[in-house]
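Enquirer: just coords:
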Ligand code: ACO
C-alpha cells in the first residue's frame, strides 16, 4: 500500500481564563439565556494579557510533539493557520519554530478563517505523504479582535490553539487522512471581515480615532445561512465522492461556531445527533483552532475508537468551506492542555 499522510499525534491548549455568559452580561446588553438559546455557548476561554498567538501555538505544538515523542529537530515544516497573527511580519510560525528550536524546519503562516485548518491540512497532506514531518497548528485569539461592546460578535468567540503532527504512514500509524475537498467564494467576502490594517483600508489617524479599526464585522444571520448550506453541501459531496453514506460514519466533527448551525447541518445531512461532536458550550468559536481542538478533545475523552471513521467539516470567512475524512487506523496520542488545570 502506498504511503499515506497520517496524523501521528494531536496537541492543544486552551487558556486558563474562563469568561461566562454571566460575566459578559455585566457590561453588555445580553443575557445567559439569550446566548445559550441562540448559540449554545455557556463559556469561552480568553488568553491572558501576556499570551499571544505565538505562545498559544507553541503550547499546542509542544503538546503534539510530546504526545508523539518526536523531537522538534525532526520537523520539516511548521505551518500556522491563523487570522489573528502575532504581527504582520514575520509569520507567527517563525516565532513558533524558534520557541520549539525546530532547527531544520521551514515556517510559514496561512490565513483561511474558520475553514483554514482543513485547507492547510490539504496542503500539508502531500508533504507528509512524501515523507516530511509537518506540524499544522490552528490558532486564534479572537478575544483581541472583537469589539467588547458589540453584543453581536463579543459573545461568540474564544481563544485556543490545536496542532496535528503529520507524517507518513510508512513511519508510524495514526489517524489516516482520507479524501478531502475545499472551496472558496470570495464574492461573499464583505459578510464577515476584519477590514482594516491592510492596503485597501489603512489605519489612518481618522480611522484609529473612530475606533473599531481592528475588530471583526459580521452579518450574523447571513453567515448562519451560508454556514449551514455550505457545510451540509460539503459533507454530502465528500460522502458521495468517497462512495459512502452518513451510515458509514462514526463521528461528524463540525466547526464549532454555534449549536444551532451544528443542529441544522445535522438535520440537513440526516445524521444521528449522538454521532455529531460538539463542545461549543465550553469553548465557543475558536476559528482556525476549532475543528482540530474538537478532535483533540474527542481523543482526550477517549470518544474515538480504533478503526472509526470521522468526517470533519468547516466554514468561515472568505467564504471558504472544507471537508475531510479521517480514519483511526491507530489512535493518535493526544495531549490536551487546559490552562485551568496545568
Ligand atoms: N444578546 C441579546 N440580544 C442580541 C445579541 C446578544 N448577544 N446579539 C443580537 N441580539 C439581538 C439583535 O439585536 C436582534 O434584536 P432586534 O430584533 O431588536 O433587532 C435580535 O437579537 C435577533 O438578532 P439576530 O442577529 O437576527 O439573531 P440570530 O438569531 O441570527 O442570532 C447570531 C445571532 C447568534 C450571531 C447568529 O446569527 C449566528 O450565530 N450567526 C453565525 C455567526 C457566526 O458563527 N460567526 C462566526 C464566524 S463564521 C463561522 O464561524 C461560521
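Expert: Sure thing, it's come through. Note that the coordinates shown come from a computational prediction; the quantities given were computed from them, not determined experimentally.
Enquirer: What lies in contact with the lowest-mean-pLDDT helix or strand in the chain?
Expert: In the chain, the helix or strand scored least confidently by mean pLDDT, DSSP states H and E is helix 205-210, which has a mean of 88. Here helix 205-210 makes contact (C-beta atoms under 8 Å, 6 or more residues apart in numbering) with 196, 201, 213. C-beta: built from backbone N, CA, C; applies to glycine.
Enquirer: Buried only: go through these for me.
Expert: 196, 213 (16 or more other C-beta atoms under 10 Å).
Enquirer: next one: the least confident helix or strand of the chain to chain centre, how far?
Expert: 32 Å (C-alpha atoms, centre = their mean, to the nearest Å).
Enquirer: and the following helix or strand past that helix, which strands flank it?
Expert: Downstream of helix 205-210, the first helix or strand assigned by DSSP states H and E is strand 217-218. Each strand paired with strand 217-218, and its direction, by DSSP bridges: strand 192-193 (antiparallel).
Enquirer: quick one: contacts of the strand it pairs with?
Expert: 113, 216-219, 223, 316-317, 319.
Enquirer: and with 10 Å instead?
Expert: Residues outside strand 192-193 that contact it (C-beta atoms under 10 Å, 6 or more residues apart in numbering) are 113-114, 153, 201, 216-220, 222-223, 226-227, 316-319.
Enquirer: For the stretch 151-300 of the chain, give the residue positioned nearest to the ligand.
Expert: Proximity to the ligand, evaluated over the stretch 151-300 of the chain using C-beta to the nearest ligand atom, is greatest for residue 220 at 2.9 Å.
Enquirer: was I right about that residue contacting residue 226?
Expert: No - contact criterion C-beta atoms under 10 Å: residue 220 and residue 226 do not qualify, at 11.1 Å.
Enquirer: residues shared between the contacts of the two?
Expert: With C-beta under 10 Å, 6+ apart, residue 220 and residue 226 have common neighbours 191-192.
Enquirer: Counting neighbours, go ahead and name the busier of those two.
Expert: residue 226 (19 against 15; other C-beta atoms under 10 Å).
Enquirer: Grab the nearest non-local neighbour of the more buried one.
Expert: Closest residue in space to residue 226, ignoring its immediate chain neighbours: residue 319 at 5.8 Å, by C-beta to C-beta, 6 or more residues apart in numbering.
Enquirer: separation between that neighbour and residue 110?
Expert: Residue 319 is 16 Å from residue 110, where distance means C-beta to C-beta, to the nearest Å.
Enquirer: got the contact list for the residue of the stretch 1-150 of the chain found nearest the ligand?
Expert: Closest to the ligand within the stretch 1-150 of the chain is residue 30: 3.2 Å, counting by C-beta to the nearest ligand atom. The contact partners of residue 30, taken as C-beta under 10 Å, 6+ apart, are 21, 24, 38, 151-152, 154-155.
Enquirer: can you check residue 337 too?
Expert: 11-15, 56, 59-60, 62-63, 66, 161, 296, 300.
Enquirer: Determine the three-state secondary structure at it.
Expert: Here residue 337 is recorded as strand under DSSP: H, G, I helix; E, B strand; the rest coil.
Enquirer: bridging residues for it?
Expert: In beta-bridge terms (that is, DSSP bridges), residue 337 pairs with residue 13.
Enquirer: near the ligand, which residues of the stretch 201-342 of the chain show up?
Expert: Contacts of the stretch 201-342 of the chain with the ligand, taken as C-beta under 6 Å from any ligand atom, map to 218, 220-221, 223-224, 227, 255, 257-258, 285, 315-316.
Enquirer: which one of the residues you listed is nearest residue 268?
Expert: residue 227 (11.3 Å; C-beta to C-beta).
Enquirer: which phi and psi does that closest one have?
Expert: phi -60, psi -50 (degrees, to the nearest 10).
Enquirer: Residue 37: what's it in contact with?
Expert: Here residue 37 is in contact with 31, 259-260 (criterion: C-beta under 10 Å, 6+ apart).
Enquirer: So how do I select the buried members of those residues in PyMOL?
Expert: In PyMOL syntax, the buried subset of the contacts of residue 37 is picked out as below (16+ other C-beta under 10 Å):
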select buried, resi 259+260
